[in-house]
Structure formats: C-alpha cells, structure tokens
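1. sharing a sequence plus its predicted fold:
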Amino acid sequence: MFFEDFKSRYTTIPVAALNKSNKDSILKNDFSTLPHMHKEMEIISVLNGRARFHIDSLSFDIKKGDVVLVSPYQIHNATFLADEEYERCCICFDLDLLYDKKLNNDLENGIVTINNIINDPLCAELVKEACLAKVNEESGWEFKVIGNLSKLFGILKEKDLFSNSNSFLQTKIQNRLIISFVSENYNKDISSKSVAEALHIDGSYFCRLFKANFGCNFQDYLSRYRIEKAKTMLKNSELSVSEISESVGFNSFSYFTKCFRQYTSLTPSQYRKK
C-alpha cells in the first residue's frame with residue numbers, strides 16, 4: 001500500500017475494510033500508519049472516536065461523522081490515540097469506476113484538488129453503506145458501491161468542493177518518484193544521499209522536501225517502511241526472524257529488533273505469535 005497498485009495485492013477493486021482500535025487490540029501497538037500513497041482514491045468515514053490524519057503537508061483532527069477524502073498519489077497517514085477507541089470504514093477504488101475520465105486524469109495529476117475533510121451525515125452514510133455492501137458481499141454490491149460513490153461525488157460537486165490547482169504538481173511528481181525508489185530499493189543499502197542522487201536533486205533540498213511532505217526524516221521513514229515489510233513477512237512466511245531482518249535491509253539484527261519494538265511495542269517474535 002506504500003506505492004504499489006492495489007491490484008497487485010487484491011484480486012478486486014474496490015477494496016473495503018472496517019477497522020477498530022481499542023485498548024485491548026493489537027492495533028494499539030501501532031500508534032501510526034506509515035506515510036504512503038497509491039493510485040486509487042481512498043475515502044474514510046469515521047464511525048467512532050478521534051485520530052490525527054496527515055495528507056501531504058497538512059494535518060487534521062478527525063472525529064466521528066467526518067469523511068476523509070484522499071486523492072490519488074496524495075501522501076497520507078493516520079496517528080491513533082492509544083487510550084481512545086477509534087473505528088472507521090474505508091473504501092479504496094479506481095476512479096475509472098465513476099466513468100469520468102477527465103476528473104480521473106485531473107485528480108491523478110494534481111490539476112484538480114478536493115477538500116480533504118468534510119462533515120456531512122449523508123456523505124458519511126453513503127460511504128458506510130458502500131463499504132458494508134462490499135465487505136459483506138451483498139447481492140448486487142457492485143451496483144450499490146457505484147451508485148453510492150456516484151451520488152457522493154455529485155454532492156461534492158454540488159457543494160463546490162473541487163478546485164483547480166497545479167501549483168503542487170512538481171512536488172507530487174517528486175514524491176511519487178521518491179516512494180517508487182524506496183519501494184524498489186528498501187532492501188538495499190540506501191540513504192537520503194543516494195535517493196537524492198538517483199533523482200538528480202540537491203541533497204539539502206531533498207531533506208527539506210522530504211521532511212515537509214512526509215512529516216519525518218528520510219531515515220525514520222526508511223526504517224518504518226522496512227518494519228512494515230517485516231511485519232507482513234512475519235505473518236505470511238516461514239522465514240526466521242534473522243532472515244527477515246536481513247531480507248528487508250537491516251544490516252544489524254539488534255538494530256532491527258530495536259526499531260521493531262519502537263514502532264510496535266513488541267519484539268518480532270512476540271508480533272509473530274500474536
């Protein structure tokens with residue numbers, strides 16, 4: 001989900017999910033998600049609780065009733081409150097689903113932007129219904145998803161929540177190249193300097209650009225990216241913990257364990273057991 005097309009991980013689009021985090025949940029050990037982007041549009045309806053959401057260089061406090069709209073290739077992540085329950089429904093879909101090729105192109109290329117956070121009961125209900133229809137594989141769910149999303153975009157258009165802007169187009173292109181480079185080379189010995197050189201960007205400018213758009217420095221992001229890959233391998237492979245550590249790019253097993261505990265509050269072995 002960091003950059004790869006959803007179709008490389010799922011057999012169908014759209015992808016919908018219900019997520020709930022509480023004090024008894026393993027999710028409480030993952031206090032924030034990794035900054036990432038993807039080609040698909042993502043819409044979240046907050047069902048309960050609060051969280052902090054980050055989109056590009058902006059941050060928002062989201063609460064029950066809010067609808068979060070993430071356009072294609074926008075960098076985003078969420079930070080959860082460890083002592084508070086948070087529940088959401090989320091649906092990710094290719095904009096081709098709405099049959100508006102111009103809007104699809106404009107949103108993908110940053111020519112058109114959209115308000116990221118709205119609070120509208122009808123919009124929240126449309127997202128929830130579409131998500132549940134897909135999750136539960138209701139009879140005719142495809143028609144319900146398309147119908148609800150089309151109605152949602154009609155409301156967004158009616159409320160004039162789209163605006164023309166290509167002022168951040170170059171930054172978006174650079175962000176896509178950065179994440180693409182990391183996804184292809186995270187298991188190698190890379191640094192902010194090597195990424196900057198590969199993208200023909202001045203090193204100091206690269207560090208400032210990365211911090212402004214990702215909300216952290218490059219080394220922190222790289223370590224977290226590797227940990228996310230390791231978590232997937234711990235769940236889905238039979239490789240030993242040390243083999244996984246090496247395969248995701250850590251030269252030191254002790255440093256891998258330290259980073260893993262830092263981001264999950266668990267050791268790799270504890271995470272695998274859970």
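-> Alright, I've got the coordinates.

2. which residue lies nearest the spatial centre of the chain?
-> Geometric centre of the chain, nearest residue: residue 36, 4.5 Å, by Cα atoms, centre = their mean.

3. return the set of residues that bridge with it.
-> The residues listed as beta-bridge partners of residue 36 by DSSP bridges are residue 76.

4. stretch 129-145: how far from the chain's middle?
-> With Cα atoms, centre = their mean, to the nearest Å as the basis, the distance from the averaged C-alpha position of stretch 129-145 to the chain average is 22 Å.

5. show me where this structure has its strands.
-> If you assign secondary structure with DSSP state E, the strands in the chain sit at 15-21, 41-48, 50-55, 58-63, 66-70, 76-80, 86-93, 112-114, 117-119, 162-164.

6. buried residues, stretch 47-58. List them.
-> Within stretch 47-58, the residues that qualify as buried by neighbour count (16 or more other Cβ atoms under 10 Å) are 47, 49, 51, 53-56. Just so you know, the C-beta spots here come from the backbone N, C-alpha and C atoms, and that holds for glycine as well.

7. nearest to residue 187 among the residues you listed?
-> residue 54 (25.9 Å; Cβ to Cβ).

8. send me stretch 67-74 as PDB with only the CA atoms.
-> These are the backbone C-alpha positions of stretch 67-74, laid out as PDB (Å, rounded to 0.1, in the frame of the first residue of the first chain):
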ATOM      1  CA  VAL A  67     -15.400  11.900   5.900                       C
ATOM      2  CA  VAL A  68     -11.800  11.900   4.800                       C
ATOM      3  CA  LEU A  69     -11.100  12.100   1.000                       C
ATOM      4  CA  VAL A  70      -7.600  11.200  -0.200                       C
ATOM      5  CA  SER A  71      -7.000  11.800  -3.900                       C
ATOM      6  CA  PRO A  72      -4.600   9.500  -6.000                       C
ATOM      7  CA  TYR A  73      -1.000   9.900  -5.100                       C
ATOM      8  CA  GLN A  74      -1.500  12.100  -2.000                       C
END
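
9. now that stretch: average pLDDT?
-> Mean pLDDT, stretch 67-74: 92.

10. circling back: which one of the buried residues of stretch 47-58 is nearest residue 244?
-> Out of those, the member with the shortest distance to residue 244 (by Cβ to Cβ) is residue 54, at 28.1 Å.

11. pLDDT weak spots in this protein?
-> Counting by pLDDT under 70, the chain contains low-confidence ranges at 1-13, 18, 20-31, 82-83, 165-170.

12. that one: helices as residue ranges?
-> Using DSSP state H, the helices found in the chain span residues 101-108, 121-135, 141-158, 169-185, 192-198, 203-214, 218-236, 241-247, 253-264, 268-273.

13. which neighbouring elements make contact with the second one?
-> Translated: helix 121-135. Applying 3 or more Cβ pairs under 8 Å, 6 or more residues apart in numbering; DSSP states H and E, one finds that helix 121-135 contacts strand 15-21, strand 41-48, strand 66-70, strand 86-93, helix 141-158.
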